[in-house]
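Trainee: The following block contains a protein sequence and its predicted model.
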Amino acid sequence: MTRPLVVDWTACRGRGLCADLLPELLTQDHWGFPENRSRGPILVPDELEGPARRAVRMCPALALRLDAELPGPR
Ligand code: SF4
């Protein structure tokens, strides 16, 4: 199962803390805003849920949230 990590762009301050905490999924653009390492939505696999939750907790702007699990293939 994967869970989408969603950035509230109206709140994000672009300091890049989340990219430091979740380098497997995120990098920073030239201004410090988080950028997905792959195309499309930021999908968090089970093994990275702990670090993703930590990034959500530590975001100083409360600009990150972890959405509900997406259903897997049937
Ligand atoms: S930690 Fe929060 S405020 Fe900082 S870049 Fe990431 S989403 Fe934006």
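Mentor: Okay, I see it. Numbers count the residues shown, from 1 in each chain.
Trainee: Show me which residues of stretch 56-70 are buried.
Mentor: Buried residues in stretch 56-70, counted by 16 or more other CB atoms under 10 Å: 56, 59, 63-64, 66. Using the backbone N, CA and C atoms, a C-beta is placed for each residue, glycine as well.
Trainee: Also within reach of the ligand: list those from these.
Mentor: Near the ligand, judged by CB under 6 Å from any ligand atom, the entries from the buried residues of stretch 56-70 are 59, 63-64.
Trainee: Mark which of these are part of strands, please.
Mentor: residue 64 (DSSP state E).
Trainee: Going by distance to residue 44, which of the ones next to the ligand among the buried residues of stretch 56-70 wins?
Mentor: residue 64 (10.7 Å; CB to CB).
Trainee: Quick check: which element contains the closest residue to the closest one other than its chain neighbours?
Mentor: Once flanking residues are discounted, residue 64 sits nearest to residue 56: 4.5 Å by CB to CB, 6 or more residues apart in numbering. Element membership for residue 56 (DSSP states H and E) is helix 49-58.
Trainee: Give me the contact list for stretch 66-74.
Mentor: Around stretch 66-74, the neighbours that count as contacts under CB atoms under 8 Å, 6 or more residues apart in numbering are 1-6, 43-44, 49, 52-53, 56.
Trainee: Just the buried ones out of these, please.
Mentor: Buried by 16+ other CB under 10 Å: 2-3, 5, 43-44, 49, 52, 56, out of those.
Trainee: okay, those in JSON lines with pLDDT next?
Mentor: As requested, the buried ones among the contacts of stretch 66-74 are exported to JSON lines (pLDDT from 0 to 100):
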{"residue": "2", "pLDDT": "92"}
{"residue": "3", "pLDDT": "95"}
{"residue": "5", "pLDDT": "98"}
{"residue": "43", "pLDDT": "96"}
{"residue": "44", "pLDDT": "97"}
{"residue": "49", "pLDDT": "96"}
{"residue": "52", "pLDDT": "98"}
{"residue": "56", "pLDDT": "98"}
